[in-house]
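**Q** Sequence first, then the predicted structure:
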Amino acid sequence: MNYILFDGPYREALLPFTYTRPVADIRVGILTIREKWEKYLRLTTSTVTEEYLSGKWPMVELEKNVFILGSALPNKALVDHIRSLEVRQALYNGEELIAFCVEEGEEPDLETFQKIAVEAILIKHTWNIFKENGTQIKEDFQIVTEDLISEPLSDTNRVIGEGKVFLEEGATAECAIFNTKGGDIYIGKDATVMEGSIIQGPFALCEGATVKMGAKIYADTTIGPHSKVGGEVGNSVIFGYSNKGHDGYLGNSVLGEWCNLGADTNTSNLKNNYAEVRLWDYETEGFARTGEQFCGLMMGDHSKSGINTMFNTGTVIGVSANIFGGGFPRNFIPSFSWGGSAGFTEYKTRKAFEVAEKVMDRRKIAFTEEDKSILESIFEQSQKWRNY
């Protein structure tokens, strides 16, 4: 059987993160949604996504194909249903389509398919990423460490609680405090926890990532691959290749890839009046209710902040934005914006590409023509928001 992950109806609600990736490549827990499915299914997957992303994430069809909603989080029960799907059968969570099976080239008429009821947890909104993160770390931990033995933990560290601190090959930790009472702690391959760090589980530090000296990391936090984090972080997800290297607070927030927060950048995750947080909604083109009292910063790929930047509760920043200066910038900053509380101008693609190429080259990753094409498409799509 061939498995294909499709973006589904929640792609726009998951902007700005889905500007630069299919829905299935959102990281929540230790793994991305795609990585979870592939570990459960023990097969690779392909993707149905936006046309401008399809060159980088193409779809591959075979004789029989199961299409799976990319925002659905797998578990054993759901995977068992997926594995047993026959042609012209579909899985539904209430009215929500979760998966269906068709033959190659068949145009599915879902009204005629046999409908099978299942239960599924979906990532429908950006804040679901940090809300589900603690649970997903716990579930991913079981999958990732199954039948493996942790590398030894140096006796310079202190472990509190009965949970596990699991180190992959090449991982190091010295003179740190790990509190596992709330959940296990995962330290990925070649990752580093520096001296004086205090970390609560559940927590995930992915491959090649670093927790810097004296960092304070609260539960339900994921530091994605090759990211560096210092200061104070709580219930946040960093997708990968991003840095918050210095003091400052990041809470109930999500950062994409290739982001950088300057020294002493701070995010507010709670309004002074304790009211429900509203976030920019790309679908309604206004600020929408989240139902959450705690919600910080949503920052798309390649965006940056200068030193001492302050972000208000519930700030949404698009792709390739550069924010700096005193005061609080606005709560919605469109992609390819340059400026701060004093005002914004358009960040030209030529300059944005120069920065992206330099940043990625430092990690020995090429900034390809395909990457440029994707960002150029995002520049055009986001033009309507840049009405400074």
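**A** Perfect, I can see it now. Residues are numbered from 1 along each chain as shown.
**Q** When you work out contacts or count neighbours from here on, use the C-alpha atoms and nothing else.
**A** OK.
**Q** now the helices: where do they sit in the stretch 151-300 of the chain?
**A** With DSSP state H, counting those that start in this stretch as the criterion, the stretch 151-300 of the chain has no helices.
**Q** now it, which segments are flagged as low pLDDT?
**A** Residue ranges of the stretch 151-300 of the chain with pLDDT under 70: none are present.
**Q** How about the contacts made by the residue located most distally from the centre of the chain?
**A** Relative to the mean C-alpha coordinate of the chain, counting by C-alpha atoms, centre = their mean, the farthest residue is Thr112 (35.6 Å). Under the criterion of C-alpha atoms under 8 Å, 6 or more residues apart in numbering, the neighbours of Thr112 are Arg88.
**Q** quick one: it from Ile98, how far?
**A** For Thr112, the distance to Ile98 equals 16 Å [C-alpha to C-alpha, to the nearest Å].
**Q** List phi and psi for the residue farthest from the centre of the chain.
**A** Note on Thr112: its backbone torsions stand at phi -90, psi -10 [degrees, to the nearest 10].
**Q** And it, what's its pLDDT?
**A** Confidence at Thr112, expressed as pLDDT, is 95.
**Q** chain center to stretch 36-44: distance?
**A** The offset between the C-alpha centroid of stretch 36-44 and the centroid of the whole chain comes to 18 Å, using C-alpha atoms, centre = their mean, to the nearest Å.
**Q** What are the buried residues along it?
**A** Buried residues in stretch 36-44, counting neighbours by 16 or more other C-alpha atoms under 10 Å, are found at 36-37, 41.
**Q** ok, residues contacting that stretch?
**A** The set of residues that contact stretch 36-44 without belonging to it, under C-alpha under 8 Å, 6+ apart, is 3, 45, 73-76, 79, 140, 143.
**Q** Which ones among the residues you listed map onto helices?
**A** Under the assignment DSSP state H, the contacts of stretch 36-44 contribute 76, 79, 140, 143 to helices.
**Q** give me the number of residues near the last one?
**A** Close neighbours of Ile143, defined as other C-alpha atoms under 10 Å, add up to 15.
**Q** partner strands of the lengthiest strand in the chain, parallel or antiparallel?
**A** Among all segments of the chain classified by DSSP state E, the strand with the greatest residue count is strand 96-103. Strand 96-103 has its sheet partners listed here by DSSP bridges as strand 64-69 (antiparallel), strand 89-93 (antiparallel).
**Q** any chance of these in TSV, plus mean pLDDT, distance to Glu276 and mean neighbour count?
**A** As requested, these are arranged in TSV below (pLDDT from 0 to 100; distance: least, C-alpha to C-alpha, whole Å; neighbours: other C-alpha atoms under 10 Å):
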stretch	mean pLDDT	distance to Glu276	mean neighbour count
strand 64-69	97	29	22
strand 89-93	98	28	20
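**Q** Tell me which of those approaches Glu354 most closely.
**A** Proximity to Glu354, assessed across the strands paired with strand 96-103 by C-alpha to C-alpha, is greatest for strand 64-69 (35.4 Å).
**Q** Can you dump the C-alpha atoms of the closest one in CSV for me?
**A** Extracted as CSV, the C-alpha positions of strand 64-69 are listed here (Å, rounded to 0.1, in the frame of the first residue of the first chain):
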residue,chain,number,x,y,z
LYS,A,64,-3.3,1.4,-4.5
ASN,A,65,-3.1,4.6,-2.5
VAL,A,66,-4.2,5.7,1.0
PHE,A,67,-4.6,9.4,1.4
ILE,A,68,-4.2,10.6,5.0
LEU,A,69,-5.0,14.0,6.4
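**Q** Name the surrounding residues that touch it.
**A** Among residues not part of strand 64-69, those counted as contacts by C-alpha under 8 Å, 6+ apart are 1-8, 82, 85, 87, 97-104.
**Q** for the buried residues of stretch 36-44, which one is nearest Ala342?
**A** Proximity of the buried residues of stretch 36-44 to Ala342 was ranked by C-alpha to C-alpha; the top entry is Lys36 with 43.1 Å.
**Q** Can you classify the closest one by secondary structure?
**A** Secondary structure of Lys36, reduced to three states by DSSP: H, G, I helix; E, B strand; the rest coil: helix.
**Q** follow-up on the earlier one: of the contacts of strand 64-69, select the buried ones using a PyMOL command.
**A** Applied in PyMOL, the following selects the buried portion of the contacts of strand 64-69 according to 16+ other C-alpha under 10 Å:
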select buried, resi 2+3+4+5+6+7+8+82+85+97+98+99+100+101+102+103
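**Q** if we can go back for a sec, of the contacts of stretch 36-44, closest to Leu279?
**A** Using C-alpha to C-alpha, Leu73 comes nearest to Leu279 of the contacts of stretch 36-44, at 23.3 Å.
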